[in-house]
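K.L.:
I would like the atomic coordinates for the input below:
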Amino acid sequence: MTGTQVTATGPTGADPAAGVHPAAPRLSVLPGDPLRFGARVTGRGVTFTVYGAEADRMWLVLLDAGTGTQLAEVPFPEAFRCGRVFTMTVAGLDPAAVHYAYRAESAAGGLPAGWAKGPLLLDPYAVSLAGGETWGRRPAYRCRIAADDGFDWQGVTRPRIPREELVVYELHVRGFTRHPSSRVAHPGTYAGLTEKIPYLRELGVNCVELMPVFEFDDTDNPFSDPATGRPLPNYWGYHPVSFFAPKAAYAADPYGNGPARELKTLVRELHRAGIEVILDVVYNHTGEGGRQGPVLGWRGLDEDAAYVRAADGAYANLTGTGNTVNANHPRTRRMILDSLRHWASEYRVDGFRFDMAPILARGPGGAPLDVPPLLEAIAADPVLADRKLIAEPFDAAGLDLLGRFPRWGRWMEWNTRFQHTVRRALAGRPEAVGDLAERLAGSPDLYAGYGTAASVNLVACHDGLPLADWTTYERRRNEANGQGNTDGPPDDSAFNAGHEGPTDDPAVRALRDRLVRGALLLLLTAQGVPMLLAGDECGRTQRGNNNAYCQDNEVSWLDWAAAARHTGLTGLVRAVLAFRRAHPALTRPDHPRRRFATARDGVVVHLAHAPGDHVLVAVNCRAQDGEAELPEAPVGTRWHPFADTGLPPGRELAPAPGPVGDRLPLAAHAVAVLAARPLSSRTDLTERY
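P.N.:
Here you go, the predicted model:
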């Protein structure tokens, strides 16, 4: 194709006589590729392609890679434009020496007149961003021209674990190793997490769910610490500024290809250890906020496609964060699909957990759709065909699709009903007792026909209180969040065991230990996919804060020294996960046609079975000791105890040896698990796990 020469101008607003910045390269441009958005290095130069819905003119802004200083503005030739797609290939660029952004202008009023003198616009398809390398420093974002980094996967392949065999572990990349007690070389980074893979493998989890790793501005929180007046951070990262770029400040080497290379290394090494990787992705809102928020890129290039808007132009706020992504608009739908494909192909992740997933089921006006095109497209996409898809089935506007989330065979759901039922039942709340057997059976009332793996069971997650705090605080303690203690979930189904806050009372402490151990035992022996919150296996506390999104400190970090003092609890989790792996009754993919479950006088007994394997779970939800009436063991077998949380901590895995009869004594608020063993077997069950 024929190329052309263009006039590259100096920085906007500069003296016209100044011309091009002296550091700018000599440039010539060639036709681009209107079918592939973003910037990519080709044999002819660097091809830039961007969509501008209302733009009449578009400029490529070249920036010095070291300082961010603007070097030149290069207009996209009208001759190369295809519809509303601006594209060109720039010859003579050194991808390592320059960064880039865009400017747009519209004479018709779709964009403000003189927009070319407005803010720089990030490329929505940029796969790497510069300017946010230092945690806690206000970023000055610009796009990197990312060339092939030649990453070596060393022949390591994805584990491809069946859904029903997953054990998910939700963690925050920074918080998992940021505490000095983590003793890793690079605390708070992808590399630091890589060093902790042996811990995860020994624990027995086979899937990590990483809280957001898309690039986000960790300084965009408007609230301040009421005690010090210091600005609070956006610690969790649920405000993306990119759908394609990894968070640079999570890398030990945050510059250049460092973040991508380090994240890929983490994925590769997790896969080598047999552990899958699920990304917590946020496609329901962005870091641009409401109409008064920053203009990052989406607003300046394709506002109508990017956001759900009212007739007067106001942004719909169905997420509680100022804007709502217009996910089922055809152009936005394509971008989200391209993003998912990028993470699946380039980073080889194994699946995605979709934050506020009902937003992805809403139409351009915000109303729920019966057949949302985006969700249908994700489930049917050939690149994503074997990835796990997990929905958080509710949004901030009250749309709760738990058990009703649109599914085409593979969608799974965070089952928060499991969480609240287990918490309330163990606390002795009568309304939850009758519901417990359904939750332990993989919630067939919610997921009939979709299998047990449709239910991702949890007793705690990043939202709300961790498990230790569930038994300690009935009132949230969020004053440090700077919002007058008005934020956070209003109901955590908490039970303080008779005393609010920490205590030295041995009776209260013993009951709290029993409740935590019982919740973990139910989580890890229920049918469905268990999800464990990082730190719950070792007593991590947030001191009553049930919305620690802005707490980048000991409230959120995993204290590895404290964890070492809870070896009994960690040992329990390891043993129960080994028990789970050994019993196909707990991981069967389908709901059994015949079930045995009873709920009498606050005592629940649930039977899980598969060919040749039977497991009983018995729960005393009352505050008084009682007993469970057990069903007859299968022919040729007897019931043998595996665990009983009514016993003191450290002894729950050593119940009395030998079989039990048709009645099992249960302490108050206790959980027991039994397995059917052949009559001829003399091996004590606890010695096998």
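
K.L.:
C-alpha from now on. contacts and neighbour counts both.
P.N.:
Will do.

K.L.:
assign a three-state SS to the most centrally placed residue in the chain, would you?
P.N.:
In the chain, the C-alpha nearest the mean C-alpha coordinate belongs to residue 280, at 2.3 Å (C-alpha atoms, centre = their mean). Following DSSP: H, G, I helix; E, B strand; the rest coil, residue 280 is assigned to strand.

K.L.:
what of residue 574?
P.N.:
With three-state DSSP as the criterion, residue 574 reads helix.

K.L.:
send me stretch 594-606 as CSV with only the CA atoms.
P.N.:
Only the C-alpha atoms of stretch 594-606 are listed here, as CSV (Å, rounded to 0.1, in the frame of the first residue of the first chain):
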residue,chain,number,x,y,z
ARG,A,594,-32.6,-39.8,46.1
ARG,A,595,-31.5,-37.9,49.2
PHE,A,596,-31.6,-38.5,52.9
ALA,A,597,-31.8,-35.5,55.1
THR,A,598,-33.5,-34.8,58.4
ALA,A,599,-34.0,-31.7,60.5
ARG,A,600,-35.4,-32.4,63.9
ASP,A,601,-35.3,-30.3,67.0
GLY,A,602,-32.4,-28.3,65.6
VAL,A,603,-30.3,-31.3,64.5
VAL,A,604,-29.7,-31.7,60.8
VAL,A,605,-28.4,-34.9,59.2
HIS,A,606,-27.3,-35.0,55.6
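
K.L.:
buried stuff in it?
P.N.:
For stretch 594-606, the neighbour count (16 or more other C-alpha atoms under 10 Å) marks 597, 598, 599, 602, 603, 604, 605, 606 as buried.

K.L.:
pick the one among those residues closest to residue 348.
P.N.:
Of all these, residue 606 has the smallest distance to residue 348: 38.5 Å, by C-alpha to C-alpha.

K.L.:
secondary structure element holding the closest one?
P.N.:
Per DSSP states H and E: residue 606 is located in strand 603-610.

K.L.:
ok, residue 344 next?
P.N.:
Going by DSSP H and E, residue 344 is in helix 330-346.

K.L.:
quick check: mean pLDDT of that helix?
P.N.:
Taken as a whole, helix 330-346 has a mean pLDDT of 98.

K.L.:
so what does it touch, helix or strand wise?
P.N.:
helix 298-306, helix 373-380 (3 or more C-alpha pairs under 8 Å, 6 or more residues apart in numbering; DSSP states H and E).

K.L.:
at 7 Å instead, please
P.N.:
Packing partners of helix 330-346 (3 or more C-alpha pairs under 7 Å, 6 or more residues apart in numbering; DSSP states H and E): helix 298-306.

K.L.:
show me how far the strand holding residue 606 is from its chain's centre.
P.N.:
Relative to its parent chain, strand 603-610 has a centroid offset of 31 Å by C-alpha atoms, centre = their mean, to the nearest Å.

K.L.:
tell me the domain ranges of the protein?
P.N.:
16-121, 596-688 (automatic domain parsing).

K.L.:
check these for me: which has the lowest mean pLDDT.
P.N.:
Ranked on mean pLDDT, the bottom entry among these is domain 16-121, at a mean of 85.

K.L.:
ok, how many other residues are close to the closest residue in space to residue 258 that isn't next to it in sequence?
P.N.:
Nearest non-adjacent residue to residue 258, counting by C-alpha to C-alpha, 6 or more residues apart in numbering: residue 251, 6.8 Å away. Residues near residue 251, counting by other C-alpha atoms under 10 Å, number 26.

K.L.:
name the member of the buried residues of stretch 594-606 with the shortest distance to residue 210.
P.N.:
Taking C-alpha to C-alpha as the measure, residue 210 sits nearest to residue 606 out of the buried residues of stretch 594-606, at 32.4 Å.

K.L.:
circling back to that earlier point, who's in contact with the residue nearest to residue 258?
P.N.:
Residue 251 sits next to 189, 190, 191, 258, 259, 262 when contact means C-alpha atoms under 7 Å, 6 or more residues apart in numbering.

K.L.:
and the pLDDT at it?
P.N.:
If you check residue 251, the pLDDT there is 98.
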